[in-house]
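Engineer: Pasting the sequence and the predicted model now:
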Amino acid sequence: MNLISPEIPGIVWAYRFLPGESRCQRIATDASIDSLLAGEGWVWVHLALSDARTPALIERIGNLPPLAVATLTSHDTQAAITVSDDIVHGTLVDFERTFDAVTKTIGWLHFAVSDRIIITTRLHPLRSIDRVKAAVEKSAKCARPIDLFEMIVIEFQRTLISLVLELTEDLNVIEDHVYGEAGHRQPGLAPLRRTVVRLHRHLRTILALLRRAAASDEDEVPPGFIDAAERLSDRLEAVDRDVFALQERARLLHEEIDSKISSETNRHLYILSLMTAFLLPPTLVTGFFGMNTGALPFADGTGTLYAALFIALSMGFAWWILRRIGIL
């Protein structure tokens with residue numbers, strides 16, 4: 001990220017795509033805004049919202065409407081896709097990454113696409129957007145900004161598929177423990193369910209927004225957006241089915257754990273009830289012989305043996321009663 005250049009503050013990278021060229025040109029981080037917007041082809045500018053100067057920069061480039069500028073500079077954590085003034089802008093879901101590892105933390109990518117420029121912003125480094133950068137550096141297959149937008153969503157879909165496979169493996173391990181002899185207490189199930197539920201919610205939102213945007217008139221959106229939206233909807237719909245199936249598996253596994261906990265609780269209550277039933281008659285016997293009153297039977301010093309016999313007989317009688325009524 002460029003923290004020195006006064007011209008393009010907050011820039012992470014920028015590329016120029018020329019017609020007929022198989023490779024894109026990387027724009028220097030110390031380039032001026034005029035050189036960024038001048039020339040043939042179209043450009044992709046990726047900015048970091050961690051730089052406080054980024055919002056002012058976005059207002060100067062791209063001739064974007066106020067709604068698109070507000071989208072690019074916001075910190076919203078809700079998926080959104082809006083079409084206005086021949087520009088598609090919104091917020092997409094991605095996954096954050098660190099310098100040396102990938103994470104399952106959900107991040108947010110803000111974008112604005114016109115026929116000459118695509119601007120993307122983020123607060124934290126994202127997994128899918130970095131893969132798109134590596135792909136366009138190898139081969140620039142994007143003829144239009146909308147093609148790059150489609151590549152970003154496709155890369156998110158691939159990332160999501162790999163994450164679903166990881167979550168499936170984690171769920172398989174938890175299932176083996178729950179249905180095996182290891183017990184039912186699995187603290188890893190709760191965060192897994194939270195991740196899957198959030199993914200399913202955001203995927204359904206993106207699908208609904210793509211279908212709504214695809215229903216726009218062709219003269220209201222950048223060229224090729226409607227076809228790209230239909231293709232992306234089909235891709236994400238397939239992944240959403242996998243996420244929903246994973247959510248159902250996690251829900252059924254949670255219900256199984258609850259059932260086992262309930263059975264164990266009932267078994268403990270059953271044992272406590274039996275202990276209460278066995279000990280209640282001896283309690284009555286000991287309470288009778290422990291009364292501080294006169295003329296008690298067996299008060300001449302031989303009462304301990306008789307009290308013990310009464311306790312044993314009362315416990316035997318309680319056991320016989322429980323057997324007759326079918327509790328034991």
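Structural biologist: Okay, I see it.

Engineer: Stretch 205-222: which residues count as buried?
Structural biologist: Going by neighbour count (16 or more other Cβ atoms under 10 Å), the buried part of stretch 205-222 is 205-207, 209-210, 213-214, 221-222. C-beta coordinates here come from the backbone N, C-alpha and C atoms, glycine included.

Engineer: So which of those residues sit within helices?
Structural biologist: Of those, the ones assigned to helices by DSSP state H are 205-207, 209-210, 213-214.

Engineer: just to revisit the earlier point, for the buried residues of stretch 205-222, which one is nearest residue 113?
Structural biologist: residue 222 (5.9 Å; Cβ to Cβ).

Engineer: wait, that closest one sits on residue 87?
Structural biologist: Yes. Residue 222 is within contact range of residue 87, at 7.3 Å (criterion: Cβ atoms under 8 Å).

Engineer: shared neighbours of those two, anything?
Structural biologist: 113-114 (Cβ atoms under 8 Å, 6 or more residues apart in numbering).

Engineer: burial of residue 200, as a residue count?
Structural biologist: Around residue 200 there are 15 other residues, counting by other Cβ atoms under 10 Å.

Engineer: ok, and the closest non-adjacent residue to it?
Structural biologist: Spatially, and ignoring its direct neighbours in sequence, residue 200 is nearest to residue 243 (4.9 Å; Cβ to Cβ, 6 or more residues apart in numbering).

Engineer: Which of the three states applies to that neighbour?
Structural biologist: Taking DSSP: H, G, I helix; E, B strand; the rest coil as the rule, one finds residue 243 in the helix state.

Engineer: returning to that earlier point: between the ones in helices among the buried residues of stretch 205-222, which sits nearest residue 259?
Structural biologist: The closest of those to residue 259 turns out to be residue 205 (Cβ to Cβ; 32.5 Å).

Engineer: OK, contacts around the closest one?
Structural biologist: So residue 205 contacts 78-79 (Cβ under 8 Å, 6+ apart).

Engineer: switch to 10 Å and redo it
Structural biologist: Residue 205 is in contact with 78-81, 91, 93, counting by Cβ atoms under 10 Å, 6 or more residues apart in numbering.

Engineer: Same question for residue 233.
Structural biologist: 153, 206-211, 213-214, 240.

Engineer: what two of these have the greatest distance between them?
Structural biologist: Across those (Cβ to Cβ), the longest gap, 17.1 Å, separates 213 and 240.

Engineer: one step back: output the contacts of residue 205 in CSV, with secondary structure and neighbour count appended to each entry.
Structural biologist: Formatted as CSV, the contacts of residue 205 follow (DSSP: H, G, I helix; E, B strand; the rest coil; neighbours: other Cβ atoms under 10 Å):
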residue, secondary structure, neighbour count
78, coil, 12
79, coil, 20
80, strand, 16
81, strand, 21
91, strand, 24
93, strand, 23
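
Engineer: Nearest to residue 10 among those?
Structural biologist: Checking these against residue 10 by Cβ to Cβ gives residue 91 as the nearest, at 17.9 Å.

Engineer: State the distance from residue 22 to residue 112.
Structural biologist: When distance is defined by Cβ to Cβ, to the nearest Å, residue 22 is 26 Å away from residue 112.

Engineer: neighbour-wise, which of those two wins?
Structural biologist: Using other Cβ under 10 Å as the criterion, residue 22 and residue 112 rank with residue 112 on top: 26 against 9.

Engineer: Bridged to the more buried one, which residues?
Structural biologist: Taking DSSP bridges, one obtains residue 89, residue 119 as the residues bridged to residue 112.

Engineer: if I pick it, what's in contact with it?
Structural biologist: The contact partners of residue 112, taken as Cβ under 10 Å, 6+ apart, are 45, 58, 62, 64-65, 67-69, 71-72, 82, 87-90, 118-121, 145, 149.

Engineer: Filter those down to the ones in strands?
Structural biologist: The strands, defined by DSSP state E, take in 45, 82, 87-90, 118-121 from the contacts of residue 112.

Engineer: What is the neighbour count of the closest residue in space to residue 122 that isn't next to it in sequence?
Structural biologist: Take residue 122 and drop its neighbours on the chain: the residue closest to it by Cβ to Cβ, 6+ apart is residue 109, 5.3 Å away. Residues lying near residue 109 (other Cβ under 10 Å) number 20.

Engineer: sec struct for residue 109, please.
Structural biologist: State at residue 109, reduced to three classes by three-state DSSP: strand.

Engineer: quick one on the thing from earlier: drop anything exposed from the contacts of residue 112.
Structural biologist: Using 16+ other Cβ under 10 Å as the burial test, the contacts of residue 112 include 45, 58, 62, 64-65, 68-69, 71-72, 82, 87-90, 118-121, 145, 149 as buried.
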